[in-house]
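Asker: A predicted structure for the sequence below; I have some questions about it.
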Amino acid sequence: MMIQHVSLNHGWFYHYRLHQIKLGLLKNNGFFSLYRYLTRVFRNCPQEPFLKGPRGSRLRFSLGIQPIRVDNHEVTTLAKEGLRWNKYHDAHSNVQVFMLSYDASTIGVEVPLWLEASEFERCLENIFPTKEPLSGHIDVLRIDKDKIWIWDYKPKAQQEKYASTQVFFYALMLSKRAGVPLNKIRCGYFDENTSFVFKPNKKYLREKQTTLSQLP
């Protein structure tokens, strides 16, 4: 089958899907380490990191990221078409599977990620005072030219306060797990009307840590 699918019991069932032909392109375009990671966790993804600790989707603090609004991005058109497609019962699945099926750039959906507490960099110590892993699942993973794009579908994207924090940490986790340099990753969140994009940079963590260290 062109699209392979596995259900991951990570406290809830997440439907991790990969498009085999588009996935294969990663072997020869400088992202072999990402290909290796995606296929490895498809075959054998650990369950434990996802059963405890903070989830990226539940982070409720700002990193001071100011994403750029893009109203005419192709992902908004794809979201619109996916919602009209209406093959599944929920909006997320319709958008995700439509993009995976018909968008040439979408490689995978519900991609599992985690970061062990022992892997936290020093700049994360004040932000995550925990010994448990951070985890999450990328809604839509795309490749555009020489960049890997992490996208999160948000039905009311314009009203989101912390979506940039969520996808930033997805970028951090993907960089660590798959060995992709952070400067090769871009982040965004979207709905059928608009999208917001930014470049992940560790300066946001340093600035956040500085702010926290100055609190009484």
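Answerer: Happy to help now that I have it.

Asker: In this protein, where is pLDDT below threshold?
Answerer: Filtered on pLDDT under 70, the chain yields the residue ranges 122-123, 125, 212-216.

Asker: ranges for the helices of it?
Answerer: 20-24, 32-43, 74-85, 91-102, 163-178, 203-213 (DSSP state H).

Asker: which other helices and strands contact the shortest one?
Answerer: I take that to be helix 20-24. Here helix 20-24 touches helix 32-43, strand 106-115, going by 3 or more Cβ pairs under 8 Å, 6 or more residues apart in numbering; DSSP states H and E. Where you see a C-beta, it was placed from the backbone N, CA and C, and this is true even at glycine.

Asker: Would you mind finding the most buried of those?
Answerer: Ranked by mean neighbour count, those are led by strand 106-115 with a mean of 25 (mean count of other Cβ atoms under 10 Å).

Asker: Please look at F128 and E119 and confirm they touch.
Answerer: No - between F128 and E119 no contact is recorded; they are 11.0 Å apart, counting by Cβ atoms under 8 Å.

Asker: Who has more neighbours out of the two?
Answerer: F128 (17 against 14; other Cβ atoms under 10 Å).

Asker: how about that one, what does it touch?
Answerer: F128 makes contact with P54, A117, F120, L134 under the criterion Cβ atoms under 8 Å, 6 or more residues apart in numbering.

Asker: just R36 next, same as before
Answerer: Contacts of R36 by Cβ under 8 Å, 6+ apart are A178.

Asker: what sits opposite the most centrally placed residue in the chain in the beta ladder?
Answerer: Residue closest to the mean C-alpha point of the chain, counted by Cα atoms, centre = their mean, is I138 at 3.2 Å. I138 has these beta-bridge partners by DSSP bridges: V111.

Asker: Noted, bye for now.
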